[in-house]
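Undergrad: need a 3D model of the following:
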Amino acid sequence: AEILARLVLIAAGQGAEADPRGLEEMMIGGILTKAVVAPGSPVLGRDVDELRAMIDGNTPLERWLDLSVRLGPYGDGFGNGDGLTLKVLQANPHGVDLGPLQPRLAEVLCTEDGTVRLCPQEIAADVPRLRSWLAEAKPGYVLIGRRHLRSNNSWMHNIPALVSGTNTCTLHIHPDDARKLDITPGQRVRLVSKTGTIEVPVEETDRIMPGVVSLPHGWGHSAANTKMRVAHGVAGVNVNAVTDASIVDVLSGTAVFNGVPVEIRTT
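TA: Numbers count the residues shown, from 1 in each chain. Sure, this is the predicted structure:
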């Protein structure tokens, strides 16, 4: 929270040395100023300075939490009842029973007829295209992505402790497919799509379906201008080299990064 506060101050032109507490005071003051004049507010008509003095917490984040909870639907409204405060939450680390859930669907549902549209017309009209695509002949395999706890994004590859141990940039393949292709664990294969080719070592696992292979994203640090020294030493391969940037989901326009048709060739 302090890092984000400093970034806000820098963006506001106050510099990296500005005191983040000034930003805290500005934000909390702004919230309280609006709350004391908002119709239906639990602190309508109250004094801002009085409310500010009542906020509890040892850090900016705790004070922000106390403010948010006390102004919320289950809050104490700054002394107006027995509702939630930061102190109440701290005294009940296993949670506070707020009673049965209250229905809100009718309040937030915005369809004209007041019903949930399980199959909008736009999706229904796209089903024939989907069926036609499923009926088309495909290459032998489809490629999907994956994440790893020590490698959620590419920047983590420049931290020595997170790239130590076994290689996580491997192509997962079902043992049945590995036997069919006469591939042994650790063997390097060529993954070929209509947009490119990469070489990657194979790792067998029965946690993936036959006909599907998986490669993690975020790797491929072998370029000459890579400035991350540690990552450059554990380069891996770039899955983007075999994905097609021109293929998008018809309805949403989202780029397709999973289910990419590929072939596996032994090197």
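Undergrad: count of residues packed around residue 212?
TA: Residue 212 sits with 16 neighbouring residues when counted by other C-beta atoms under 10 Å. In this view, the C-beta of every residue, glycine as well, is placed from N, C-alpha and C.
Undergrad: wait, what's in contact with it?
TA: Contact analysis of residue 212 by C-beta atoms under 8 Å, 6 or more residues apart in numbering lists 141, 142, 143, 144, 174.
Undergrad: one more time with 6 Å
TA: Applying C-beta atoms under 6 Å, 6 or more residues apart in numbering, we find residue 212 in contact with residue 142.
Undergrad: distance check, it against residue 241.
TA: 19 Å (C-beta to C-beta, to the nearest Å).
Undergrad: so where is the chain shaky, pLDDT-wise?
TA: Residues of the chain that meet the criterion pLDDT under 70 lie in 267.
Undergrad: dead centre of it: give me the residue that sits there.
TA: Nearest to the mean C-alpha position of the chain, by C-alpha atoms, centre = their mean, lies residue 152 at 9.9 Å.
Undergrad: ranges for the helices of the stretch 1-150 of the chain?
TA: With DSSP state H, counting those that start in this stretch, the ranges of helices along the stretch 1-150 of the chain come out as 2-11, 20-35, 48-54, 60-71, 86-91, 105-108, 121-135.
Undergrad: do the stretch 151-267 of the chain as well
TA: Secondary structure of the stretch 151-267 of the chain (DSSP H, counting those that start in this stretch): helices at 160-163, 175-180, 229-233.
Undergrad: give me the contacts around the second one.
TA: If I follow you right, that is helix 175-180. 204, 210.
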